[in-house]
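Novice: Fold the following.
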Amino acid sequence: MLKSKTFLKKTRAGGVMKIVREHYLRDDIGCGAPGCAACDGAHEGPVLEPQPLDPASSLCPRPHYLLPDTNVLLHQIDVLEDPAIRNVIVLQTVLQEVRNRSAPVYKRIRDVTNNQEKHFYTFTNEHHRETYVEQEQGENANDRNDRAIRVAVKWYNEHLKKMSAENHLQVIFITNDKKNKEKAIEEGIPAFTCEEYVKSLTANPELIDRLACLSEEGNEIESGRIIFSEHLPLSKLQQGIKSGTYVQGTFRASRENYLEATVWVHGDTEEDKEIILQGLKNLNRAVHEDIVAVELLPKNQWVAPSSVVLHDEGQNEDDVEKEEERERILKTAANEKMLKPTGRVVGIIKRNWRPYCGMLSKSDIKESRRHLFTPADRRIPRIRIETRQASALEGRRIIVAIDGWPRNSRYPNGHFVKNLGDVGDKETETEVLLLEHDVPHQPFSQAVLSFLPKMPWSITEKDMKDREDLRHLCVCSVDPPGCTDIDDALHCRDLGNGNLEVGVHIADVSHFIRPGNALDQESARRGTTVYLCEKRIDMVPELLSSNLCSLRCNVDRLAFSCIWEMNHNAEILKVRFTKSAINSKASLTYAEAQMRIDSAAMNDDITTSLRGLNKLAKILKKRRIEKGALTLSSPEVRFHMDSETHDPIDLQTKELRETNSMVEEFMLLANISVAKKIHEEFSEHALLRKHPAPPPSNYEILVKAAKSKNLEIKTDTAKSLADSLDRADSPTFPYLNTLLRILATRCMMQAVYFCSGMDNDFHHYGLASPIYTHFTSPIRRYADIIVHRLLAVAIGADCTYPELTDKHKLADLCKNLNFRHKMAQYAQRASVAFHTQLFFKSKGIVSEEAYILFVRKNAIVVLIPKYGLEGTVFFEEKDKPKPRLIYDDEIPSLKIEDTVFHIFDKVKVKIMLDSSNLQHQKIRMSLVEPEIPGVSISADTPNMDIDEPERKKKKREK
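Specialist: Predicted coordinates for the structure are as follows:
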């Protein structure tokens, strides 16, 4: 049956266009209940259970299916995801509304409907002849959708009666809309609010904790006092932004000070990029990463960023007077130059809340259900939740979601989502750091896995079309020990014409991951493989990452090869790119490859090839450094694990060999060659990588630090920086050069992916290369897969697709890749920090030599070379007499009593694990040498407040 709608539309040119919309209605859409004779065999995908017995509800004891409306899906998704809730009918009307209003919830509901065990069924009510309703005159879209949902529930209940009279199956309508519920009951439809239904599930009381609290008024703490000013409606905010009264930007809370935040203004103008906000009332309930509208305050109310560290340690009561007193501390006397544009939040344009990990701060009131939750991320405010299981959740990591933040509440309201496990437990802490850094780490879904090749797999004739057979070449790979995702392999051979042929062969991942399918979408979403200390979160499923795409030795593999003809002076005479098939003759570690090169007894093909590569790599590196490429340093750490407990038993800085450099040189060369090629072919939509030059102000600290050691560092170009770093050494202080390079690394900008058509600065500062991309690691970076696809099209080895040549789509993709790479880096650092804590927990207190990296107003930041560990030594501690501190920003130096500290000074520190704050356990450092009475401690003094929670616990037990 066909419904059609005709309407007239005026075109831009002034003409009139007739538009006809056709809507097909069908009789053969299944209801999803198995055994239904009326629509037998019309179901597709997961179906409902024939006898839904669980969960037992005191309100509706008969077997039933649930049918929620849009708002229940949007706000109570945590309840619906719970294993106790099964047999739910999701209407097309509801799904479409959710899709328009919240992409994350839509994705979650799609995942639930794809989960066979949940028995969620999507019913296409908009195309079913008996459930389709037309919008009536004077009826708005919302009311029409509500009516469509009620019509569908009514139809279901009548339809199921026909199926079997004695079965008594019914469909329960779940809605939190008062009017909709009343209308449903009038029409004889069994309807309940989500809360009523959940509370009726007597066998699952824990579900009540997962309910989102939505009523903003009644659900508030007794104090009726209004703390915050009202948020303006969106229409007013948009008008204000248009007229310039308000500015729009991203709210960034401070880690150091909960009463301060900055707003990064959206727009192209560089000036006033940042607005500072100070004080609770000016922050006005904005949460980190929200998009907000800000009103600038008059200049006489501008403030300077405060240098005070303030953490919210308030108790459960709303102690606003205390906050006001703390806000007065912030107003530090500042000279005119330090004042920054200051503003206040007048409204929220878009909330960017996510589920937060953290711990419960149990209420002191016995039997209380209301408690405060303290997030692990210090930038997030504490959240007030209601839970009946507070005692069970104490000392555990939990997840909580925010529901709303009323004007009369000091903290936002939220609800409990999930218990992750005990604090300090390795599995739990790994889960927390993955969640907090937004690293997608759930197992790959069936939809994704369905696109993997069927095993056993081998290269077919079809695969060899447009491919060169290079299986005869003496190719080998060189990687860190234990590497299973081998992306790259190399070869070098004599051509007989006096020149050399050098090949870089990269796993042909784009052969297996085809554009647009579920596997491709998931890889694009993940963006990168994340390497933690004991775990790898793959970007692509293991069958590809560790098997079919991994260039292991003695197996045939598909590759994408970049092959140069070079003379013995490493000058490129020719370059060509080809899809290929290779068979690696050896998978070596860096140490094994180095031993082969150094051993006079070995002269086989692999060793000869390695020696040729190593010789060329040295020339390439020398030439690169002459051009101004930087050799920077960062103290990388490697843990040695106990084979039984998997706890770190030793910690050492990573050793770099010649072979590390050899592989790196050819990877860089391949990346540059490919970048030139794809940019020649696709000047508007090549995916490239750039490294912006740092602004001169970034180098101030480096120049001052070198000056304090009578060395000069020039920073006008990368070349002058590289040269002055090479010259900056001290015979009496050999480690100084490494320290300078570590400090120089801190001055750098972040390298980013970008689309060539959206930018005109391609330069890579650190590599001193005019153009660069990533081509050599497609198993672990999605950017490389796109570059492979561009290169394949450029050489005619594969066909293109629309998204590949859409520069706006590519720019959006780059944005996600940059975010994922940054988060992966932070997650890796957090993993190293956690494992370092485990190491010092078992090692106890140690004293080590350290060098000062930075001096602060009340602390020094030191680096311990032995462990590659960085930490802060504070000189002002609670409940201890404050020493006399004089800070000089110009040198920079810090004078403590009569001792002066400069950057790079050698000190001795005591290292221990401070567990006084369970949520934020940290490595604590104290000064041992030089000795300063009342400040330094002796190396063998035990520190008293290291196990604060233990002592408290004992008191409680007494």
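
Novice: mind listing the helices for the stretch 751-900 of the chain?
Specialist: Here the stretch 751-900 of the chain has its helices, by DSSP state H, counting those that start in this stretch, at 782-794, 807-843.

Novice: And the stretch 151-300 of the chain, by the same measure?
Specialist: Going by DSSP H, counting those that start in this stretch, the stretch 151-300 of the chain shows helices at 178-186, 194-199, 234-243, 280-283.

Novice: List the buried residues for stretch 893-913?
Specialist: Neighbour-count burial for stretch 893-913, with 16 or more other C-beta atoms under 10 Å as criterion, is recorded at 893-894, 896, 901-905, 907-913. Placement of C-beta: from N, CA and C, glycine included.

Novice: Let's see which of those residues end up in strands.
Specialist: S893, L894, I896, F901, H902, V907, K908, V909, K910, I911, M912, L913 (DSSP state E).

Novice: ok, so of these, who is nearest V20?
Specialist: Nearest to V20, judged by C-beta to C-beta, of these is L913 at 72.2 Å.

Novice: can you pull up the bridge partners for the closest one?
Specialist: I923 (DSSP bridges).

Novice: hang on, it packs against T836?
Specialist: No - here L913 lies out of contact with T836, judged by C-beta atoms under 8 Å, at a distance of 9.1 Å.

Novice: which neighbours do these two share?
Specialist: I923 (C-beta atoms under 8 Å, 6 or more residues apart in numbering).

Novice: Tell me which of the helices of the stretch 151-300 of the chain lies nearest to I398.
Specialist: Nearest to I398 among the helices of the stretch 151-300 of the chain is helix 194-199; the distance by C-beta to C-beta comes to 19.0 Å.

Novice: Go through that closest one and flag the buried ones.
Specialist: Buried positions in helix 194-199, judged by neighbour count with 16+ other C-beta under 10 Å: C194, E195, Y197, V198, K199.

Novice: next one: stretch 277-294
Specialist: Buried residues in stretch 277-294, counted by 16+ other C-beta under 10 Å: 277-294.

Novice: Repeat that for stretch 450-458.
Specialist: Neighbour counts over stretch 450-458 (16+ other C-beta under 10 Å) mark L452 as buried.

Novice: Can you get me the start-to-end distance on that stretch?
Specialist: 18 Å (C-alpha to C-alpha, to the nearest Å).

Novice: Give me the contact list for it.
Specialist: For stretch 450-458, the external contacting residues (C-beta under 8 Å, 6+ apart) are F512, I513, R514, N517, A518, L519, D520, P541, L543, L544, L548, D556.

Novice: what's the closest of these to M925?
Specialist: When those are compared for distance to M925 (C-beta to C-beta), P541 comes out closest, at 42.6 Å.

Novice: How about that closest one, nearest residue that isn't a chain neighbour?
Specialist: Leaving out its chain neighbours, the residue that sits closest to P541 by C-beta to C-beta, 6 or more residues apart in numbering is F444, at 5.0 Å.

Novice: burial count for E468?
Specialist: The local packing of E468 (other C-beta atoms under 10 Å) involves 15 other residues.

Novice: Contact partners for it?
Specialist: The contact partners of E468, by C-beta under 8 Å, 6+ apart, come to S561, T578, K579, S580, A581.

Novice: Go through those residues and say which is closest to A693.
Specialist: Of the contacts of E468, the one sitting nearest to A693 (C-beta to C-beta) turns out to be S561, at 33.3 Å.

Novice: roughly how far apart are the closest one and H511?
Specialist: Separation of S561 from H511 (C-beta to C-beta, to the nearest Å) stands at 13 Å.

Novice: ditto for F228
Specialist: Remark: distance between F228 and H511 (C-beta to C-beta) = 56 Å.

Novice: do the same with K841
Specialist: Counting by C-beta to C-beta, the gap from K841 to H511 is 46 Å.
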